[in-house]
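# Predicted model, plus sequence, below.
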Amino acid sequence: MTWGVLCGMLAGAFWGTVFIAPKWLSAFSPWELAFGRYTSYAAIALVALAPTWRATWGKIDRADLVAMFRQGAAGNVAYYVLLGYGVQLAGVTLTSLIIGVLPLSVTLVGRRDQGAVPLKVLAWPLAVVAAGIACINVDLFSHAGPASGSLADKAIGLLCALGGLVCWTWYAIDNTRYLKRVHKFSGREWSALYGLASGTLALVAAAVWWAFGGRPPAPSPERDSVVFWSVCLFLAVGASLIGNQLWNIACRRVPVTLSGQLIVFETLFALAYGFVLAGAMPRPLEWAAIVLLAVGVAWTVRLHAVDEPTH
């Protein structure tokens with residue numbers, strides 16, 4: 001379980017970068033970001049699978065195809081489009097805050113799974129995590145500056161972030177349950193396979209976006225294609241291929257209620273990267289939130305370690 005926790009933490013470090021990209025590439029729409037990230041992911045996944053393609057393809061059945069496409073749709077393409085709109089319309093902090101509710105939502109949805117610690121045992125650490133999220137809320141609204149963008153934009157951004165939360169909660173539970181039931185794929189193979197599925201879905205989504213009138217603006221200094229594809233390639237390798245592989249390893253080694261808690265590392269790293277990008281230190285309530293979230297996760301890890309049967 002120690003290796004599972006470490007892999008979950010490292011996955012969070014890679015995933016935290018996805019909150020910065022939409023802000024950094026604000027001249028590009030979330031649809032373009034999703035297309036760039038997941039077509040890059042699919043190309044890299046294809047190269048990664050090339051040496052063992054025939055053997056890997058021979059293990060795939062219809063249920064695997066359905067699983068990889070539904071997980072690619074919810075956990076990758078839909079999630080990142082919604083997250084991108086959330087960041088661009090409501091801001092990095094608010095979006096990472098909402099996605100930071102994942103430890104609670106995944107734990108609550110997965111509480112009936114085998115190996116899950118009873119919810120009443122997790123009540124106190126969950127309360128600590130909730131207190132950390134509350135601290136971020138209080139700090140966000142108490143230090144709100146002049147509004148940037150219309151109220152409608154903020155509301156749409158908030159709804160998009162909530163939609164992203166729903167998508168990733170479902171994906172986290174479905175992926176964990178599937179990997180615990182199906183053992184014929186390694187974490188690397190499964191990450192690459194639904195990378196291919198995600199790239200295919202991103203192409204379809206881009207075609208639909210284009211068909212319904214979505215057109216990129218004319219070239220400008222803000223729309224640097226070299227920077228765009230460099231960021232997409234980094235996200236494809238780090239956040240998608242490596243991050244997802246680490247997460248798949250973690251999912252096989254820890255109960256689903258603990259995997260829900262490990263997602264908090266994504267929020268912590270996203271906040272840290274945001275502070276570095278802004279060149280600012282966390283304020284007192286932000287420090288309190290970081291400490292509370294870390295303590296809540298550590299407490300949950302300890303409860304699972306105590307509950308784990310000896311062999």
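On my side now, so go ahead. Numbering: from 1, shown residues only.

# which residues touch residue 266?
Taking C-beta atoms under 8 Å, 6 or more residues apart in numbering, we find residue 266 in contact with 11-12, 15-16, 99-100, 102. Any C-beta I mention is one placed from the backbone N, CA and C, and that applies to glycine too.

# buried ones in the helix or strand hosting residue 39?
In the assignment (DSSP states H and E), residue 39 maps to helix 30-49. Buried residues in helix 30-49, defined by neighbour count with 16 or more other C-beta atoms under 10 Å: 30-42, 44-45, 48-49.

# Which two of the contacts of residue 266 have the greatest separation?
11 and 100 (15.3 Å; C-beta to C-beta).

# and the residue nearest to residue 264 when sequence neighbours are not counted, how far is that from residue 291?
Setting aside the residues directly before and after it, residue 264 is nearest to residue 103 in space (C-beta to C-beta, 6 or more residues apart in numbering), at 4.6 Å. Taking C-beta to C-beta, to the nearest Å as the measure, residue 103 falls 15 Å from residue 291.

# same thing with residue 238?
For residue 238, the distance to residue 291 - C-beta to C-beta - is 27 Å.

# ditto for residue 166
In terms of C-beta to C-beta, residue 166 sits 28 Å off from residue 291.

# Could you do residue 236 as well?
Note on residue 236: its distance to residue 291, by C-beta to C-beta, is 33 Å.

# who's more crowded, these two?
More crowded of residue 236 and residue 291, by other C-beta atoms under 10 Å: residue 236, with 25 against 13.

# Surely that one touches residue 38?
Yes. With contact defined as C-beta atoms under 8 Å, residue 236 reaches residue 38; the gap is 7.5 Å.

# Tell me the first helix or strand C-terminal of the longest helix along the chain.
Identified as the longest helix of the chain according to DSSP state H is helix 151-181. As assigned by DSSP H and E, the chain's next helix or strand after helix 151-181 is helix 187-211.

# Report the angle between that next one and helix 151-181.
Note on geometry: by axes from the mean of the first three to the mean of the last three C-alpha atoms, to 10 degrees, helix 187-211 and helix 151-181 are set 150 degrees apart in direction.

# which helices and strands sit right next to helix 187-211?
helix 30-49, helix 62-71, helix 243-253 (3 or more C-beta pairs under 8 Å, 6 or more residues apart in numbering; DSSP states H and E).

# What lies in contact with it?
For helix 187-211, contacts defined as C-beta under 8 Å, 6+ apart pick out 31, 34-35, 37-39, 41-46, 48-49, 52, 56, 60, 64-65, 67-69, 71-73, 76-77, 81, 179, 185, 240-241, 244-246, 248-249, 252.

# Over to stretch 153-162?
82-83, 85-91, 94-95, 98-99, 147.

# I'd like to know which of those residues is nearest to residue 267.
Of these, the one sitting nearest to residue 267 (C-beta to C-beta) turns out to be residue 99, at 6.5 Å.

# Contacts only, for the closest one.
Residues in contact with residue 99 (C-beta under 8 Å, 6+ apart) are 19, 83, 161, 164-165, 168, 266-267, 270.

# Could you check stretch 182-196 and say which residues are buried?
185, 187-196.

# how long is stretch 42-56 end to end?
Start-to-end span of stretch 42-56 (C-alpha to C-alpha, to the nearest Å) is 16 Å.

# rewinding a little: what's near enough to touch the residue nearest to residue 264?
Here residue 103 is in contact with 126, 129, 260-264, 296-297 (C-beta under 8 Å, 6+ apart).

# Could you list the low-pLDDT ranges of this protein?
Applying pLDDT under 70 to the chain picks out residues 111-117, 137, 140-141, 143-151, 214-219, 256-257, 260, 301, 304-311.

# Report the contact partners of the residue nearest to residue 202 when sequence neighbours are not counted.
Leaving aside its sequence neighbours, residue 202 sits nearest to residue 38 (C-beta to C-beta, 6+ apart; 3.7 Å). With contacts taken as C-beta under 8 Å, 6+ apart, residue 38 has the following neighbours: 72, 76-77, 80, 195, 198-199, 201-202, 236, 240.

# 10 Å - rerun?
45, 72, 76-77, 80, 195-203, 205-206, 232, 235-236, 240 (C-beta atoms under 10 Å, 6 or more residues apart in numbering).

# Count the residues that sit near residue 255.
Neighbours around residue 255, by other C-beta under 10 Å: 23.

# I figured it hits residue 5, correct?
No. Taking contacts as C-beta atoms under 10 Å, residue 255 lies outside contact range of residue 5: 11.4 Å.

# Quickly list what's touching both of residue 236 and residue 38.
What both residue 236 and residue 38 touch, as defined by C-beta under 10 Å, 6+ apart, is the set 45, 195, 198-199.
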